[in-house]
Structure formats: structure tokens, C-alpha cells
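S.K.: Predicted model and sequence follow; I will ask about them next.
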Amino acid sequence: MLRSIFFLFFVCFSIAAFSQHNMPQVNNQLLSSSIVAMSQFEIPADALFVDAEEQTLFIDLERIKYNVKEISLASPEGNLVFQKDVTALPVDAILEINYSQFTSGKYLLEVTTYVQRMHKSISF
């Protein structure tokens, strides 16, 4: 009986001692920026169509490999001029962005999926 108590005490003490072992700290910011850097890909060319006459950008969500979460467009100055959550849209939807109110220049289109971020530079 006494042996059982000592054995149980030894097991509990060992578990407590080993559970106190400090795991190395990971820099979460560095880790997340590495994941973002590795997951930045270009938007497929056949997913985009610019109608210069109507001043409309069409984005075919079906042509993008993964389900799209969000579409955003940044101006040449880096200001966000368009942002839309597209999770409620069907996967085969075509999103239309009228760019007639934007000044001419080179814009950065960002498509965020559940897996990656894709970028494309577009001039209007």
C-alpha cells in the first residue's frame, strides 16, 4: 500500500515537473509575415476583363482557383478605393467594378481567398 502511494506520488511529480518545461517562444508576427509572403500569387489573367468603353472591371470569381473572401483595390497612392466582402456571392459570380470615378493610374487589385492572397497591377 505504501509502495502504491509512493509510486502515485512519483508519477504525479514527474508529470508536473515535465509539464513545466518551457517551449521556445515563436515570433508570431514574423511567422505570419512569412506565411503571407509565401502565399502571394498573381490573379489568373483570364479572371479579369477591362471594358474601357464602359469603364468597368469584371472579375470572374469562377476562374480563381480558391473560394474568394474579399476583393480590394488600392490607388496609386496606396489608398483603398474599393473593398467588398464576396463570401455571400456564388462561386461562379462575375463581380463588376465601375472605375469611372477613379483617377487614371496604376491600381493594385488584391483578391483574398481562404488560402492565399493574389495581386495584380491594373492601369485605368
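M.R.: Thanks, I have the structure now. Numbering: from 1, shown residues only.

S.K.: Let me know how buried L57 is, in neighbour terms.
M.R.: Using other C-beta atoms under 10 Å, L57 is surrounded by 22 other residues. (C-beta placed from N, C-alpha, C; glycine too.)

S.K.: in stretch 116-124, what counts as buried?
M.R.: By 16 or more other C-beta atoms under 10 Å, the buried positions in stretch 116-124 come out as 117-118, 120, 122, 124.

S.K.: Those in strands, which ones?
M.R.: Members of the buried residues of stretch 116-124 lying in strands (criterion: DSSP state E): 117-118, 120, 122.

S.K.: Of the buried residues of stretch 116-124, which is the nearest to Q55?
M.R.: Nearest to Q55 among those: F124, at 7.5 Å, using C-beta to C-beta.

S.K.: hang on, the closest one packs against L108?
M.R.: No: if you go by C-beta atoms under 8 Å, F124 and L108 don't touch, sitting 11.9 Å apart.

S.K.: Where does L89 sit: helix, strand or coil?
M.R.: coil (DSSP: H, G, I helix; E, B strand; the rest coil).
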